[in-house]
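Engineer: dropping a prediction and its sequence here:
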Amino acid sequence: MTTDIKAPDQAPTAEQPPSRTTARAPKRRSWTGLWFVLPFTAVYAVFLLWPMVLGLYYSFTDKSLTGRPVSWIGLANWAEAFADEKAWDSLWNTAWFTILSTPPLVILGLVFALLAHRARKMGWFLRLSFFAPFVIPVSVVTMIWVWMYQPDGGLINHYLAEWGLGGDRLWIFQEDAMGSVVITTVWWTMGFNFLLYLAALQTIPPEVYEAADIDGANWLQKLWSITLPLLRRTTVLVIVLQMIASLRIFDQYYLMAGGGMNLSPENVFIQYMYNSGFVGFRVGYASALSYILFVFILLIAFVQLRLLSRKED
Amino acid sequence: MMNNPSPPGVLPRRTLLAGSAALAGLGLAGCGAASEAFGGKTTVKQWNLLAGSDGAVMTAMHEEFTAETGIDLQATTFAWGTPFYTKLVMGASGGNAADVATAHLSRLESLSPWTLMEPYGLDEIAEFGLKPEDFPADVWEKCFSHDELYALPLDTHALINFYNRTVCEQAGVLNPDRTLLETHGVEEYFDLLRAVKEVTGEYGTSLDTNAGWRQFWAWYRQQDGEWIFHEDGYELDDDKALAAIDVMYRMADEGLCPRIADGAQCAANFENGSGGLVQVGNWEVTRFRAFNEAQGLDFSATEMPDFFGNRRTQGDSHSFVLPRHNTWSAESRAATIQYAAWMIKHSLEWGAGGGHTPAYLPVTQSQEYQELEPNAEYSGVVDNVQFDPAVWFSGSAARLANEVSLVLAGVYGGRTTPEQALEDIKGRTQTLVELPNPID
């Protein structure tokens, strides 16, 4: 046995055209591969890595959008950011949006996926209905919802009043903005989580359910003991992706409640960055803020992944 | 002007389709350079913020300009306010913005003209027939920064007082010649609003409660209130500010105006007769005319009511600025200035269609202009218009106006008392003052 194993091992190294196949082949492969990823790498480097480096540099300067000379100011921007109450308020608003929006987005995504998966006849229709909002551009979504949210004459208040449920809420205007944006966001982006869950449901082998049927399990037991445990991996993914997406809230909030439009007194964090950098011209300060958010998201994603994947084991 | 200008009154499906087609066409706009190279036609790229109903007037003028001069004009309209100015500053900072852009004169300083804009030469504009003495001196003065001419003024515009003649007649608040009764003081005007409210059953006047800054500044300035800014602080007359805010509070509290109405809603309230009057920018005239043609609306307009002894009103001036270019051919620059000069000289159309008062004196002094209706009825507005305070975060749609409007929306809404609002405004202003000035 031992000789058998040794012989082929030694052969190439000793006498054969030394390691032509073993050593050179992988090298050639890696060079060819590089050519394939080069276009992406170039774009990634120019539009992501380089701006990140540049942003970090700007955060130590008083770089202004007006193009006046830049000077190095050390940690002044960072010190200002950590002491800036409004920045912390807006970071809290972003966190609050995440807390409010993540559970419904994950749970409803799952519920609707279960529903569409069970449906025998109208499955295609349900899949389309639940996913369709996700493909609508944010500008259109917000425009439609702003119309519906109009306090005076809007669809929602109109029907609330008709059914005797009040109808005098301000919705996106002023203090009510956050909840309204959460509702819109759930309607708009739930379809993505729905799709992930639906795909995962379809990978569960039917034999497992058949076996459970034979054992006399009811649908609740099957859901609790088969479906959910087998979806755990997807749930981890959905929650992590969803929290990262929610922490980056800007578009719909800005379009519905910010931008001098509907005058919500609250800002979300990226909006605060936008105001500092693009409205207030302080690119240096905005860069420092954006790095704070970056680290914040990184930490949360890391902790979350550790917690959730440990549970899985 | 305008927080959030109202969209043109009626949006028929055909307009919507045309709009979508135009949007699709935008994708082809990149071909402009190629058509210039092959067609031998000079192209001028223009950016504007005229998303309100006066945008249509400008588009019509652009077509005439191209027909007359053969210069191809590519105009792009951005969302009014912050989105537009952000785009302008970013484009200019990269040196790749449009050739010419509209800007409010009150915003000129905040655009950091000496780093982001290109100055006009006086001899250069003279070539196209524009002379300094053709413009009102105070407006002309605002076009300069660091002793260079950075803007060419197109108009002045302001909040005026539109009134529905049918409603006001029933309320008995019209003169025999069917113009609105002149009132003096807040109480007299409130009485007039009460009479109108009796008729409409809803409001006396409709206001843009999201743009409280404009009303505040008008009524504060009627009391000779000043708002002066220093390096680390500011001077605001608390009593006068409180008096101005109190007018809003009481008006909304008594139901003489809506508690909440954005730009579009405020104009709609006037059109559908929920309010018999509306204090809104003169540009809404385009929209009201369209409504009159579609469904009938007998209206006219006069100056801002006299609350505190005069008829001062908040306003601004649209102008043309030249964003900084990395490279710019002499030919293209000349065509750009020709465009600005053409628009200014043809601003009769701008005044007639958009309700603005042209800045070009030969136009405003012409017989033709002085006979325009309803412009003639509020012609005094030019002398009463009050520009926003001079500080880098002030001006149309700038942060001061936005922050103050935000607080005042709470006053109209009845959730904030005038005293609380004043405190809040002062706190927010202090925060703005303490920001490092990125302009100088």
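Structural biologist: Structure's in. What do you need? From a predicted model like this one, the values you see are computed outputs, not experimental measurements.
Engineer: model confidence score at the closest residue to chain A within the stretch 251-400 of chain B, please.
Structural biologist: Residue nearest to chain A within the stretch 251-400 of chain B (C-beta to the nearest C-beta): B:I260, separated by 5.3 Å. Heads up, the C-betas are built off the backbone N, CA and C, glycines and all. pLDDT recorded at B:I260 is 85.
Engineer: now residue 77: phi and psi?
Structural biologist: Using chain A here. Per-residue torsions, A:N77: phi -60, psi -40 (degrees, to the nearest 10).
Engineer: should've been chain B
Structural biologist: Main-chain torsions, B:T77, degrees, to the nearest 10: phi -100, psi 130.
Engineer: same question for B:D306.
Structural biologist: According to degrees, to the nearest 10, B:D306 has phi -80, psi 110.
Engineer: and B:T431, which of the three is it?
Structural biologist: Under DSSP: H, G, I helix; E, B strand; the rest coil, B:T431 falls in the helix class.
Engineer: ok, it touching A:D84?
Structural biologist: No. B:T431 lies out of contact with A:D84 (C-beta atoms under 8 Å); the separation is 9.9 Å.
Engineer: comparing the two, which residue is more hemmed in?
Structural biologist: A:D84 (19 against 14; other C-beta atoms under 10 Å in any protein chain shown).
Engineer: just the helices in the stretch 1-150 of chain A please.
Structural biologist: Residue ranges of the helices in the stretch 1-150 of chain A, as given by DSSP state H, counting those that start in this stretch, are A:2-14, A:25-44, A:50-58, A:76-83, A:85-118, A:123-131, A:138-149.
Engineer: can you list contacts of the fourth one?
Structural biologist: The set of residues external to helix A:76-83 that reach it, using C-beta atoms under 8 Å, 6 or more residues apart in numbering or on different chains, is A:S59, A:F60, A:D62, A:A87, A:G284, A:Y285, A:S287, A:A288, A:L289, A:I292.
Engineer: quick one: contacts for the fifth one?
Structural biologist: For A:G284, the contacting residues are A:Y58, A:S59, A:F60, A:T61, A:D62, A:K63, A:S64, A:V70, A:I73, A:N77, by C-beta under 8 Å, 6+ apart.
Engineer: on that earlier part again, I'd like the helices of the stretch 1-150 of chain A as CSV, with mean pLDDT appended.
Structural biologist: Listed next are those as CSV, based on pLDDT from 0 to 100:
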stretch, mean pLDDT
helix A:2-14, 43
helix A:25-44, 78
helix A:50-58, 95
helix A:76-83, 94
helix A:85-118, 94
helix A:123-131, 90
helix A:138-149, 91
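Engineer: want to throw those into CSV with distance to A:M178?
Structural biologist: As requested, the helices of the stretch 1-150 of chain A are exported to CSV (distance: least, C-beta to C-beta, whole Å):
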stretch, distance to A:M178
helix A:2-14, 67
helix A:25-44, 34
helix A:50-58, 28
helix A:76-83, 23
helix A:85-118, 6
helix A:123-131, 24
helix A:138-149, 13
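Engineer: just put the ones you listed in JSON lines and tack on mean neighbour count.
Structural biologist: Below are those laid out as JSON lines (neighbours: other C-beta atoms under 10 Å in any protein chain shown):
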{"stretch": "helix A:2-14", "mean neighbour count": "9"}
{"stretch": "helix A:25-44", "mean neighbour count": "10"}
{"stretch": "helix A:50-58", "mean neighbour count": "15"}
{"stretch": "helix A:76-83", "mean neighbour count": "16"}
{"stretch": "helix A:85-118", "mean neighbour count": "18"}
{"stretch": "helix A:123-131", "mean neighbour count": "15"}
{"stretch": "helix A:138-149", "mean neighbour count": "18"}
